[in-house]
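*Asks:* Give the three-dimensional model of this entry:
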Amino acid sequence: MKTPAERLPGRRAIALVLIPVLVGLATSAPAAGATLTVSPRSPAATSDSLATGIVTRDGVPVSGAIVSVAAYPSASVLAALPTGGRAELLLVDTAVTDAFGGFNATVDWTSVPTSYRDSIGVTNFQIVASAGTQILGWNLSGAPVNSSLRAASLALSGVGGRPDQLTFEFGRDSGVGSALQDTAPTDGLQPAGSMTKGGLHAMPVTRTSNVRPAGAGVCCSGCYAVASDWYYGIDERYAAVYAWGGAYGTITQTYGSTHTLGVAAQLQSGAWQASGTSSLIEVKGTGAVRGGIADAWVYNKVNYRDFALTCPPWTKTRQAVSNYGLLTAFNYAGHPYWSACSHYTGGTYWKSSGTQTTFSTGVTLGILNVSAQSGWDTATEMKWDVTSPTWLCGNTSQGWASAPQAEAHSG
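*Replies:* Residues are numbered from 1 along each chain as shown. Next up is the predicted model:
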């Protein structure tokens, strides 16, 4: 019997991290905010790192740039706000770029209140880089390294010691690049390490008053998210179930399934752009099960909401704050064939932790499309009921039991 690797071309999605990590030598101490001629280099991560990275202008490192990290209140807190109600962003860290333009943004998780975490300990953050009179921002989610979350389950910064790597580029081709959020590309994905272009604009002078030393807590001058319009029942491309008639798939989605969904940000010009992600978890007491699935995209519906921001870099964000419905639609998904396989003639097999690829068009907001990725723990599973000879394969060389994704095909 030939293995799938012998019969089929092995197709493995490979994540490319396009973050410059080049060694340069500084000959003298640079002035604050100076543009240098050395090569950019990101510092090594530490146990409390949320993100490391570089600040550059036309590829040249910028020293003395200020990188600040602020935590959003949890999605449930944001969803509960009345129209016009506001919630304060919690400043948790500031960092200054070194001679190589590098920074290490950290979080003291003991200082993050429970109202700024979801029920499994995940917090949504805004990271802002200020260079001179210009500013760029990004959104991401994170959790403590010692969190009960499985490191392989979610694309969350810091989990399992995997902080994101960010590039803030202030030059002619300005934008923000993320290594962690641009994971292994397959159908309909943007390349790993690609930049979200634009978003560069002037920084009001009052912004500097919002920069506080690390550990300063709630920013004294007040940076708020002010709740406004709702957008209900937005389709989210949640997962892909790769199966066939001899091994139909079943998906169970309950509390513990976490989604990282794209955030839309409005610039001072009025234009919208995608700017990172925020995390959303299922509400306790909800769930859905659907069987008999073969090669299908699985959809949920989520609720988004607009928030006006009282501090730069954006005037407004649109982000997911609650679930509308689970397993609400199914569309055909082309079947990939992976080569790290096990052969079965019967039985039931399941994965109760894993990560779906990042779909760059996972959520359509009307103003633009943003990304969607899902991860799950033991409360949510994908299952295959084998009734005919079947190859069950993983999308990495670790095999289906350990790989982030799996597919079943005739064998």
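
*Asks:* Surely residue 276 is in contact with residue 128?
*Replies:* No: if you go by CB atoms under 8 Å, residue 276 and residue 128 don't touch, sitting 11.5 Å apart. Quick note: C-beta positions are derived from backbone N, CA and C, even for glycine.

*Asks:* Looking at these two, which is more packed in?
*Replies:* The residue with more neighbours, out of residue 276 and residue 128, is residue 276; 27 against 24, by other CB atoms under 10 Å.

*Asks:* quick one: pLDDT of the more buried one?
*Replies:* As predicted, residue 276 sits at a pLDDT of 81.

*Asks:* I'd like the distance between the spatially closest residue to it that is not a sequence neighbour and residue 68.
*Replies:* Excluding the flanking residues, the one nearest residue 276 by CB to CB, 6 or more residues apart in numbering is residue 139, at 3.4 Å. Noted for residue 139: a distance of 13 Å to residue 68, by CB to CB, to the nearest Å.

*Asks:* intersection of neighbour lists for residue 276 and residue 128?
*Replies:* residue 138 (CB atoms under 8 Å, 6 or more residues apart in numbering).

*Asks:* picking that back up, quick check: which element contains the residue nearest to residue 276?
*Replies:* Assigning secondary structure by DSSP states H and E places residue 139 in strand 134-142.

*Asks:* sorry, back to before: what's across from the residue nearest to residue 276 in the sheet?
*Replies:* Beta bridges link residue 139 to residue 126 when assigned by DSSP bridges.

*Asks:* does it really touch residue 279, like I thought?
*Replies:* No: the pair residue 139 / residue 279 is not scored as a contact, 9.9 Å apart, by CB under 8 Å.

*Asks:* ranges for the helices of the stretch 1-150 of the chain?
*Replies:* Counting by DSSP state H, counting those that start in this stretch, the stretch 1-150 of the chain has helices at residues 4-7, 75-80.

*Asks:* The ones you listed: lowest mean pLDDT?
*Replies:* helix 4-7 (a mean of 40).

*Asks:* Show me which residues of stretch 239-249 are buried.
*Replies:* For stretch 239-249, burial by neighbour count (16 or more other CB atoms under 10 Å) applies to 239-244, 246-249.

*Asks:* Just flag the most distant two among those residues.
*Replies:* Greatest spatial distance in those: 239 and 246, 20.8 Å, computed using CB to CB.

*Asks:* Would you mind giving the secondary structure of residue 337?
*Replies:* coil (DSSP: H, G, I helix; E, B strand; the rest coil).

*Asks:* for residue 269, same thing?
*Replies:* Assigned by three-state DSSP, the conformation of residue 269 is coil.

*Asks:* what about it, neighbour count?
*Replies:* For residue 269, the tally of surrounding residues (other CB under 10 Å) stands at 9.

*Asks:* Next one: it, what pLDDT does it get?
*Replies:* Per the predicted model, pLDDT is 80 at residue 269.

*Asks:* Please renumber the chain so that the first residue is 7 from this point on.
*Replies:* Renumbered: residue one is now 7, and that last one reads residue 275.

*Asks:* ok, the buried residues of stretch 245-255 vs residue 415, which is closest?
*Replies:* residue 250 (5.7 Å).

*Asks:* List the beta-bridge partners for that closest one.
*Replies:* Counting by DSSP bridges, residue 250 is bridged to residue 253.

*Asks:* I figured it hits residue 414, correct?
*Replies:* Yes: in this structure, residue 250 is within contact of residue 414 by CB under 8 Å, at 6.2 Å.

*Asks:* Residue 271: which element?
*Replies:* Going by DSSP H and E, residue 271 is part of strand 264-272.

*Asks:* how far off strand 140-148 does that strand point, in degrees?
*Replies:* Counting by axes from the mean of the first three to the mean of the last three CA atoms, to 10 degrees, strand 264-272 lies at 160 degrees to strand 140-148.

*Asks:* The next helix or strand after strand 264-272 vs strand 140-148, what angle?
*Replies:* Next helix or strand after strand 264-272 toward the C-terminus (DSSP H and E): strand 278-287. Our comparison of strand 278-287 with strand 140-148, counting by the same axes, to 10 degrees, yields an angle of 20 degrees.

*Asks:* which neighbours do residue 145 and residue 74 share?
*Replies:* Counting by CB under 8 Å, 6+ apart, the contacts common to residue 145 and residue 74 are residue 133.

*Asks:* Which one's more surrounded, residue 145 and residue 285?
*Replies:* For residue 145 and residue 285, the more surrounded residue by other CB under 10 Å is residue 285, and the numbers stand at 29 against 26.

*Asks:* follow-up on the earlier one: looking at the buried residues of stretch 245-255, which one is closest to residue 264?
*Replies:* residue 245 (12.3 Å).

*Asks:* Could you check which helix or strand contains the closest one?
*Replies:* Going by DSSP H and E, residue 245 is in strand 230-247.

*Asks:* so what's the closest residue to residue 257 other than its chain neighbours bridging to?
*Replies:* Of all residues beyond its chain neighbours, the one nearest residue 257 is residue 388 (5.3 Å), with distances taken as CB to CB, 6+ apart. With DSSP bridges as the criterion, residue 388 is bridged to residue 257, residue 357.

*Asks:* That concludes my questions; thank you for your assistance.
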